[in-house]
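> 3D, please:
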Amino acid sequence: MTERGRTTTRVAAVVAPFVVAWIAGLLHDVLANTDATLVLVLVVVAAAALGDRLAGVLAALASAAAFDFFLTAPVDSFAIVGREDVETAVLLLTIGVAVSEIASWGRRQQVTSGQRADYLDGVARATRLAAEGSPLVADTITRMISEVLDLDACRYDPFAVPGATPDRPVLHRDGSISQNGHAVDVRREGLPGMDVIELAAGHDAGCFLLTASTEVRRPEPEQLLVAVTLAEQLPAARRTSS
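Reported below is the predicted structural model:
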């Protein structure tokens, strides 16, 4: 979603509950407050589903305020006298925020699922190129590693010897990173940015040199493992083409 689209959704998330509550107030004789509350919950669900987490939270806050203003005594005032009305307003706000969090979690899971599918496709493509002995496999794997880890740069050096530069950070086969014998907490510190990160391509196959210096990158463990798996395809390609 574009920034303009997010802004539009957030504005609608604030305005829609007041419109719905105003209409419900006009129909107060035939529409109970509980029914109006359910409609407001639907508005929050729609905002959270079509927008982002902030849109859902704004809709929840606006729904609670609109319910208070149009549907509780005294009407057209943000004061609440009845205990049941207070409980309903609080429940409406709580449900709205909860729905927003659930919708946000669902979107994250969908994105993660899509990324995993892309990773698997990338590994399969690299494996196929390696099996075919394609001369483009080194460049393809280099580009894939850079995309998976969102690097500033990644280059393949067929003459580099793994471990020849002791101070250089190393991405190991298990997905961990160490530097000078100490493990790097990637989730907290991010990828080392003061030097290139060494990723061995396999036995006598050189190294991939990874650069992540312009900003802090915190790839997930599975992303690091995908990068390692991609790098390990190169020796197979070299043996096939030899």
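> Leaving out sequence neighbours, find the closest residue to Thr34.
Thr88 (7.8 Å; CB to CB, 6 or more residues apart in numbering). To be clear about C-beta, it is placed using only N, CA and C from the backbone, and glycine gets the same treatment.
> Tell me the first helix or strand C-terminal of the helix or strand encompassing the one you found.
Assigned by DSSP states H and E, Thr88 falls within helix 83-132. Where DSSP H and E defines the elements, the next helix or strand beyond helix 83-132 is helix 137-149.
> Quick one: mean pLDDT over that next one.
Mean pLDDT, taken over the full extent of helix 137-149, equals 87.
> Can you name the residues in contact with the helix or strand just after it?
Moving toward the C-terminus from helix 137-149, the next helix or strand (DSSP H and E) is strand 153-157. For strand 153-157, contacts defined as CB atoms under 8 Å, 6 or more residues apart in numbering pick out 138-139, 141-143, 145-146, 201, 206-211, 234.
> Show me what counts as buried in the host helix or strand of Glu222.
For Glu222, the element it lies in under DSSP H and E is helix 221-231. Neighbour-count burial for helix 221-231 flags 223-231 (criterion: 16 or more other CB atoms under 10 Å).
> other SSEs contacting that helix?
Using 3 or more CB pairs under 8 Å, 6 or more residues apart in numbering; DSSP states H and E, the elements in contact with helix 221-231 are helix 83-132, helix 137-149, strand 170-171, strand 197-200.
> average pLDDT across it?
88.
> how does the protein divide into domains?
3-109, 136-241 (automatic domain parsing).
> Turn the ones you listed into CSV, columns for distance to Asp121.
Below are those laid out as CSV (distance: least, CB to CB, whole Å):
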stretch, distance to Asp121
domain 3-109, 19
domain 136-241, 10
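> what's the least confident stretch among those domains?
domain 3-109 has the lowest average pLDDT among the domains of the chain, namely a mean of 80.
> any idea how far that one is from the chain center?
Domain 3-109 has its C-alpha centroid displaced from the chain centroid by 26 Å (CA atoms, centre = their mean, to the nearest Å).
> residue farthest from the centroid of this structure?
Largest separation from the mean C-alpha position in the chain: Asp29, at 46.0 Å (CA atoms, centre = their mean).
> and that one, helix, strand or coil?
coil (DSSP: H, G, I helix; E, B strand; the rest coil).
> burial measure for Glu87, as a count.
11 (other CB atoms under 10 Å).
> should've said Glu84
Neighbours of Glu84 (other CB under 10 Å): 11.
> Start the count at 16 instead of 1 going forward.
Let's use 16 as the start, then, which means that last one is Glu99.
> distance of it from Ala51?
Per CB to CB, to the nearest Å, Glu99 is found 14 Å from Ala51.
> Ok, Leu224 next?
On the measure of CB to CB, Leu224 and Ala51 end up 62 Å apart.
> So which of those two has more stuff around it?
Ala51 (24 against 19).
> which SSE is the closest residue in space to that one that isn't next to it in sequence in?
Leaving aside its sequence neighbours, Ala51 sits nearest to Ala39 (CB to CB, 6+ apart; 3.8 Å). Using DSSP H and E, Ala39 sits within helix 18-41.
> and the angle for the next helix or strand after that helix with helix 18-41?
Following helix 18-41 in sequence order, the next helix or strand is helix 48-65 (DSSP H and E). Calculated by axes from the mean of the first three to the mean of the last three CA atoms, to 10 degrees, helix 48-65 forms an angle of 170 degrees with helix 18-41.
> which secondary structure elements does helix 48-65 contact?
helix 18-41, helix 68-86, helix 98-147.
> Just the residues contacting it, thanks.
For helix 48-65, using CB under 8 Å, 6+ apart, the contacting residues are 24, 27-28, 31-32, 35-36, 39, 70-71, 73-75, 78, 81-82, 86-87, 100, 103, 106-107, 110-111, 114-115, 117-119.
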